[in-house]
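Undergrad: Predicted model, plus sequence, below.
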Amino acid sequence: MVSGGGCIDDDIVTVLWTAEQLSDKVAEMASQITQDFDDSSDSPVIVGVATGAFMFMADLVRKVKLPVTVDFVRAESYASGTVSSGSPKISCDVKLDVSGKHVILVEDIVDTGNTVARLVSYLEGKGSTSVSVCTLLDKPARREVNLKLLGDGKFYSGFQCPDSFVVGYGLDFNEQYRNLPYIGVLKPEIYK
Ligand code: IMP
Ligand code: MG
């Protein structure tokens, strides 16, 4: 059970990345993106995957020193709980026209890879020129698909995540814990 009240920090076993470490990493990633897209004639569309990427996205775009447009897409892979369903559905589309655009998909975490793979092919179908993926966390231990990007899209990854269920800085368990300013491992007794 998710705690009904009290301090959400008490449900964390280990802090993996502090707010300061996250901030430094986001700055590093934003500066790489700025450098990579600096001579692109068309400004990239930065598309966050809601809801998990909202905090990372907000911090990242503020540090990208380029003209960009910003949008969100929603993909559902979990009914609830901690195991991905394997066939994510796009339940909220992008509003901007992404055809002929360089898209940077912003994710909180790439786990099995199903969500990102689905979104890349979806954006390909909409005629995007390239699709890059910018994920704060990468959990390669659980990868099920070989990620293919589109065009000369790049893969940006912040931290390699151990094979544990993590929450905070946008990442949730049953919609809780997103507001923690750091990322930590959730106590297994919370979801077992
Ligand atoms: P994938 O489709 O398996 O790669 O899963 C991607 C989505 O699952 C992410 O966007 C997250 O929302 C969620 N997810 C995967 N691992 C975790 C985790 O450890 N904590 C919280 N959410 C996770
Ligand atoms: Mg997500």
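TA: Here it is on my side, so go on. Ligands and ions are numbered 1, 2, ... in the order given.

Undergrad: Please count neighbours and contacts with C-alpha atoms only from this point.
TA: Fine.

Undergrad: Establish whether stretch 148-157 and ligand 1 are in contact.
TA: No: figure legend: stretch 148-157 not in contact with ligand 1 (CA under 6 Å from any ligand atom); closest approach 13.1 Å.

Undergrad: What's the end-to-end length of that stretch?
TA: Using CA to CA, to the nearest Å, the span of stretch 148-157 from its first residue to its last is 15 Å.

Undergrad: For stretch 178-192, measure first residue to last.
TA: End-to-end distance (CA to CA), stretch 178-192: 19 Å.

Undergrad: That one - what's its average pLDDT?
TA: What stretch 178-192 shows for mean pLDDT is 95.

Undergrad: Please list the residues outside that stretch that contact it.
TA: With CA atoms under 8 Å, 6 or more residues apart in numbering as the test, stretch 178-192 has contacts from 1-2, 8-9, 11-19, 22, 52, 81-82, 164-172.

Undergrad: Does Val103 belong to a helix, a strand or coil?
TA: strand (DSSP: H, G, I helix; E, B strand; the rest coil).

Undergrad: Next up, the contacts around it.
TA: So Val103 contacts 44-47, 128-132 (CA under 8 Å, 6+ apart).

Undergrad: so which of the residues you listed comes closest to Leu105?
TA: Proximity of the contacts of Val103 to Leu105 (CA to CA) peaks at Val47, which lies at 4.8 Å.

Undergrad: Surely that closest one is within a strand?
TA: Yes: assigned with three-state DSSP, Val47 falls within a strand.

Undergrad: for it, which residues make a bridge with it?
TA: Counting by DSSP bridges, Val47 forms beta bridges with Asp71, Leu105.

Undergrad: Could you write out the alpha-carbon coordinates of the lengthiest helix in the chain in PDB?
TA: The longest helix of the chain (DSSP state H) is helix 19-37. Provided in PDB are the C-alpha atoms of helix 19-37 (Å, rounded to 0.1, in the frame of the first residue of the first chain):
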ATOM      1  CA  ALA A  19      18.700  16.600  -6.700                       C
ATOM      2  CA  GLU A  20      22.100  18.100  -7.300                       C
ATOM      3  CA  GLN A  21      23.500  15.100  -9.200                       C
ATOM      4  CA  LEU A  22      20.300  15.100 -11.300                       C
ATOM      5  CA  SER A  23      20.700  18.800 -12.000                       C
ATOM      6  CA  ASP A  24      24.400  18.400 -13.100                       C
ATOM      7  CA  LYS A  25      23.500  15.500 -15.400                       C
ATOM      8  CA  VAL A  26      20.600  17.400 -17.000                       C
ATOM      9  CA  ALA A  27      22.900  20.300 -17.700                       C
ATOM     10  CA  GLU A  28      25.400  18.000 -19.300                       C
ATOM     11  CA  MET A  29      22.700  16.400 -21.500                       C
ATOM     12  CA  ALA A  30      21.200  19.700 -22.500                       C
ATOM     13  CA  SER A  31      24.600  21.000 -23.500                       C
ATOM     14  CA  GLN A  32      25.200  17.900 -25.700                       C
ATOM     15  CA  ILE A  33      21.900  18.400 -27.400                       C
ATOM     16  CA  THR A  34      22.600  22.100 -27.900                       C
ATOM     17  CA  GLN A  35      25.900  21.200 -29.600                       C
ATOM     18  CA  ASP A  36      24.400  18.400 -31.700                       C
ATOM     19  CA  PHE A  37      21.500  20.400 -33.000                       C
END
